[in-house]
Structure formats: structure tokens, C-alpha cells
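Participant: show me how the following folds:
(2 chains)
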Number of protein chains: 2
Amino acid sequence: MKRRVKIVEVGPRDGFQSIKEPIPVQKKLDVIRGLLEAGIQKVQITSFVSPKAIPQMQDAEIVAKTILEEYPDKELFALVPNFIGAQKAVEAGLKELTPVISLSQSHNLANVKRTHEQSYEEIRKIRETFSDRKLTVDIATVFGCPFEGEIPETQLYWMIETLASMGIRSFTLCDTIGIAHPSQVQRMIANVKARYPQFQWNIHIHDTRNMGMINSYAAIQAGVDEVQTAVGGLGGCPFAPGATGNTATEDLVYMLEREGYETGIHFERLLETARTLRAEVNGNYSGHQIMISKQPCFVPQE
Amino acid sequence: MKRRVKIVEVGPRDGFQSIKEPIPVQKKLDVIRGLLEAGIQKVQITSFVSPKAIPQMQDAEIVAKTILEEYPDKELFALVPNFIGAQKAVEAGLKELTPVISLSQSHNLANVKRTHEQSYEEIRKIRETFSDRKLTVDIATVFGCPFEGEIPETQLYWMIETLASMGIRSFTLCDTIGIAHPSQVQRMIANVKARYPQFQWNIHIHDTRNMGMINSYAAIQAGVDEVQTAVGGLGGCPFAPGATGNTATEDLVYMLEREGYETGIHFERLLETARTLRAEVNGNYSGHQIMISKQPCFVPQE
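Facilitator: Numbers count the residues shown, from 1 in each chain, chains lettered A, B, ... in the order given. This is a model prediction of the structure:
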């Protein structure tokens, strides 16, 4: 029997927000549709962030409402950097919201303009107000921060326990700048699972140093619940200088299928969406070149 | 105590041969010097191939003689596609030669214009004539062939035994088109080491499907003797359509050092050579974009 892996697509959020030129909403919708039609079950479709901070996300509401209506059976979620964002996401009908906090205080200040205490308060308010929604907290810079380097693991546990005391039960450990290495990922996932087996653990990896594939696989082998990737290897944190894209969904799917895992994703269809995306956004993509598996499978060539 | 890994640089051969525009010999020499000065102990400095087949390698003799004289304590070797190439390599003073044969008959015909039988004869002649030189045979398309797909493992053993019967004691398993996946690499290295523990086993990986890092690491964990990489992720087989570069030396060095291995290579110096190379050849490189680790380590940024 094949082992199942749950791949969660974050390209429409982490990917699109890294592209400076505005992408027409119809193109965004087509990409999201392509991903869902390829068999991806869960997609982070947008971010309810202030359009002043990230103009690319100003169509969050229309994107969310359209896709939620078209795909009622898919798991669709959105990033919410603050209470106002959460409110808008709930109004749009989203059942799962992702607030974000950085393990590093400096990165938290750069990313969401708040101290840790202020972020805790915001998340508590979101949790209490929208008690019928699932909250998954993105913990950024878990594996290293561009300003502070590696943050002691004890601080991570303290943050998890603070969030757990507010009722948070689901977490995504984010390698915001792509600095993690595989044994670190494996150890961290194993540790949080052992300490807090009752919670859900996800991973979010960036490929800055070409360790995206190996780190994602390390997390899978350590038993992570959800692995976040971005089609075409898009992505990059606007407030983490030098960081590049996420692990490319199509690359991870290809490897996992060959390794005997079941992803439920139709590789060739996914590649089609990746190729369309590349053709449309490659020119003005601010991260690294979109790397689409050039030779997906054995093709007899003469 | 740190585990040691022997990283062998093949950029000056596999990398340069993938670049169509002629690179001036002085630039080649500078890159090779940069690599050696960064602490790389073993480098494949050129290929003694017919200039008609690969014009970029027409300066093989001058490159070999210059570097051999300047770095008598380093391990320098060259690819020799045939007996004439071996003769030239020996005349230039090389102590280790690398003949090449493909596990797939079709790829062997495309790559060296010979049947398996003809390749065996050529290698036998090289072995007998230059009995004082070390021969390491590159076995291409071990993990998959662009024309035939996956070749049964039994054929690999048959090839190894045929070569062993001629006195070959050192082999490089080559993933010519970058189709290998990590458990396959680990299994193959474990199998050949278990069957033939008296021989030397090396690995040569291409990054076509973004599995270069994970496959190289899988080989290391399986106990491979030498891991071949190319600075800047250069490389690509001219007779394997669609194949892209090798695992990038700087990416592997960075990861291994963080994983607690000792490579003996000075990362920052290596990166300097990689950057020079990128500035000089990026424009006319026929493979994928040279991917140099963009954020080598924690750099406080404001």
C-alpha cells in the first residue's frame, strides 16, 4: 500500500505576493482552478493583507468568493496578518485562516509591525472572535532569521505553548529564508510531534540554498501532516531579503510519486498549469527563475 | 569527530563542455586554480575528446600540462572517450583516466559511437597499454536512459563484472539525465558496495529534476567514495537531450558543512569562483541558469 502525502499549494499566496506586476484576477483564478483540477486538495488561495502593504493581494475577496463557490469540496484557506484580515476572510466564507507570527522578534517587527506580545493579542482576538473557524498559525523564521540567525529551540516551545493556551491546535513551521538543513528539519518535526502529539504540524520550506526538495522530504519522513509547496517554485518573503521561492510543487510531486508515495495529484496536468504560469509571469518575477521540471519523465528522443 | 566527504569537482569537464561559446584557456585555468585554491582536492580538469566532437575541449593538453605542473599534490584526472584520448592524457602526464561507457546500448551509440562490445575492447586496450595509470570507468545512464528508460540492474552487474575482468577497480555511477530518485541512488550504491566491496564507487548526479542535492546526499549516506559536483551547477551531456547541470558544488558543500560533515573546502572562496564563472559564462550557457547559493550564510541585513 502506498503512503499518502498531503501537499498543500501556497503559490496563489506566497507565490503571487512575490510578483511585482499586478496579475489580472482572471489569470489568478485560472491558475487556482488549474491547481485544483490537477487534484490538489488544499490551496492557500490568497492573503487578506492591506493592499498598501502588498498591492498584489488587493483582489483577495473576489478570489476567495469565486473559488469557494466553484470548489465547495476543496480545502481553501488564506493568510490573515491581523484581525481585520481575519474579519474579511470570514466574511468571504473561508473556514480556515492562517495568522502569522515570527519566532524572531526582529522579523516579526519587520513582517507584521508588531512585537510578540502584540501578535499574541491579535491572534487571541482572532481565536476568540471566530471560534467556529480553524486557525493554523504560521510560525516564521523557525529554522533561522535573516536578522538574528538561529533562534534557540526553547523559544519555539514557549511560543507554541503560549499559542496553545489560546486554543491554537495547528501550526506551520516556516523556513522563511530557506536556511534549514535536512537533519534540522527532521529533528524539529520529530521534537514538536513528540512534545505535542495532539496538534497538527505542517512545514513550509523555501528553496533559497537549493535544499527545498531535501528539506521537504525530511519533513515528510519525520511525519509532518501537511507539506506546503508552490507551483513553479514561486514565492519569497517581501520582508526577508534574498529569500527565494518555495519548493516547487511539480518537483516534489514527481519525486514523491517515484519514491512510492501517493499524492493524489495528476502530474502532467499540474505541469500544464506550471508552464502557463511561467509563460505569464516569468518576465517580472522578483524571485529566482521559475524552475519547472524540464524532463518530467522518460520521453524517447532521437 | 566530523565525518569526511570527498567532493570531486567536474565543472572544468562536464561544465565547460556544455558551454557553446569558446572559453579562453586562461579563463579555464583561472577557474581551475580557484577551485583548487578553495581546497578541492580532486578535479576533472578536461576531456581528451576529438575537437570535432566537442570544440570546447580542444585545449585539453595545455590545460592539463599547466595545472599538473602548478599543482603536483592535487588529484587531477581527465575523461578519455577512447584510446587516442587516453594516449594524449598519458602524454600530458595524467595519472588517472576516465573512460566512459553507457549502461544503455542506445546511449552508448549516441555518446561514443560504439556498441558495448566495441567499448569493452577500447577500455581493455587502454587498461593493457597504460597499466601504470589508474582507470575509473564512468558508467552512464545507470539510473535511466533518455532512449530506453530504466535498464535492469542485472545488466549493470554484468557490465561491472566484464570491466572487472579487465582489471577495472574503480567506477562512477552516472545519472546522466538527472532522472534518479533518492531511494534508487541509496539502493544502487548499497548494492554495488555489498557485491563488490573491493572496488571504489563514485557518484555523478545531474540536477535536471531538482533532485541533485537529495540524490547526492543519498549517495553519501550510502557510503559512496567520491561525489562528483560542478561549480555553479554547470554541466549537461551533449548527447542526452534536455539534461541540465550537475549538483552545484557550492550548494552541496554548504549543506554538508551544516550537516556536520567535513569537506575540506573553503566555502567563501569557492563561492567567489562560482560568482566569477557566472559573470563570465552565464550569457551563453546552454544548460539551466547557473544557480549559485544566493544567501550562503546568515548575513544581518537591515
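Participant: now the helices for chain A?
Facilitator: Remark: helices assigned in chain A by DSSP state H are A:25-37, A:60-70, A:83-92, A:105-112, A:116-129, A:153-164, A:182-195, A:212-221, A:249-258, A:267-281.
Participant: what packs against the last one?
Facilitator: By that I understand helix A:267-281. Using 3 or more C-beta pairs under 8 Å, 6 or more residues apart in numbering or on different chains; DSSP states H and E as the contact test, the elements touching helix A:267-281 are helix A:25-37, helix A:249-258. C-beta coordinates here come from the backbone N, C-alpha and C atoms, glycine included.
Participant: same deal with the fourth one?
Facilitator: Using 3+ C-beta pairs under 8 Å, 6+ apart as the contact criterion, the secondary-structure elements in contact with helix A:105-112 are strand A:100-102, helix A:116-129, strand A:137-140.
Participant: hey, least reliable of the helices and strands packed on helix A:267-281 by pLDDT?
Facilitator: The minimum mean pLDDT among the helices and strands packed on helix A:267-281 belongs to helix A:249-258 (a mean of 93).
Participant: what about the nearest residue to residue A:33 once chain neighbours are set aside, distance to chain B?
Facilitator: Among residues not flanking residue A:33 along the chain, residue A:70 sits closest, at 7.2 Å (C-beta to C-beta, 6 or more residues apart in numbering or on different chains). Distance from residue A:70 to chain B, counting by C-beta to the nearest C-beta, to the nearest Å: 31 Å.
Participant: what's the local residue count around residue A:70?
Facilitator: 13 (other C-beta atoms under 10 Å in any protein chain shown).
Participant: just name the most buried of the helices of chain A.
Facilitator: Mean neighbour count (mean count of other C-beta atoms under 10 Å in any protein chain shown) peaks for helix A:212-221 among these, with a mean of 27.
Participant: quick one: that helix to helix A:249-258, angle?
Facilitator: 50 degrees (axes from the mean of the first three to the mean of the last three C-alpha atoms, to 10 degrees).
Participant: does chain B have contacts with helix A:212-221?
Facilitator: Yes: applying C-beta under 8 Å from any C-beta of the partner chain, one finds helix A:212-221 touching chain B at A:212, A:213, A:214, A:217.
Participant: ok, the last one - contacts?
Facilitator: What it means is residue A:217. When contacts are counted by C-beta atoms under 8 Å, 6 or more residues apart in numbering or on different chains, residue A:217 touches A:182, A:252, A:255, A:256, A:259, B:182, B:214.
Participant: residue A:108 now?
Facilitator: Residue A:108 neighbours (C-beta under 8 Å, 6+ apart): A:101, A:102, A:114, A:115, A:116, A:119, A:140.
Participant: tell me which two of those sit farthest apart.
Facilitator: Using C-beta to C-beta, the contacts of residue A:108 span at most 14.6 Å, a distance reached by A:115 and A:140.
Participant: who has more neighbours, these two?
Facilitator: Comparing residue A:115 with residue A:140 by other C-beta under 10 Å, the one with more neighbours is residue A:140, at 26 against 12.
Participant: so what's the residue count around the residue lying closest to the more buried one once chain neighbours are set aside?
Facilitator: The shortest distance from residue A:140 to any non-neighbouring residue, by C-beta to C-beta, 6+ apart, is to residue A:102 (4.0 Å). Residue A:102 has 30 neighbours, counted by other C-beta under 10 Å.
Participant: so who does residue A:102 touch?
Facilitator: Contact partners of residue A:102, counting by C-beta under 8 Å, 6+ apart, are A:108, A:111, A:112, A:139, A:140, A:141, A:145, A:176.
Participant: and of the residues you listed, the nearest to residue A:232?
Facilitator: Taking C-beta to C-beta as the measure, residue A:232 lies nearest residue A:176 of the contacts of residue A:102, at 19.1 Å.
Participant: how about the closest one, phi and psi?
Facilitator: Note on residue A:176: its backbone torsions stand at phi -60, psi -40 [degrees, to the nearest 10].
Participant: wait, doesn't it sit right on residue A:206?
Facilitator: Yes: using C-beta atoms under 8 Å, residue A:176 and residue A:206 qualify as a contacting pair, with a distance of 6.6 Å.
Participant: what are the bridge partners for whichever residue of the stretch 1-150 of chain A sits closest to chain B, then?
Facilitator: Nearest residue of the stretch 1-150 of chain A to chain B (C-beta to the nearest C-beta) works out as residue A:149 at 4.5 Å. Beta bridges link residue A:149 to residue A:145, judged by DSSP bridges.
Participant: neighbours around it, how many?
Facilitator: Neighbours of residue A:149 (other C-beta under 10 Å): 14.
Participant: quick one: the closest residue to residue A:85 other than its chain neighbours from residue A:130, how far?
Facilitator: Closest residue to residue A:85 apart from its sequence neighbours, by C-beta to C-beta, 6+ apart: residue A:48 at 3.6 Å. To residue A:130, residue A:48 is 12 Å away according to C-beta to C-beta, to the nearest Å.
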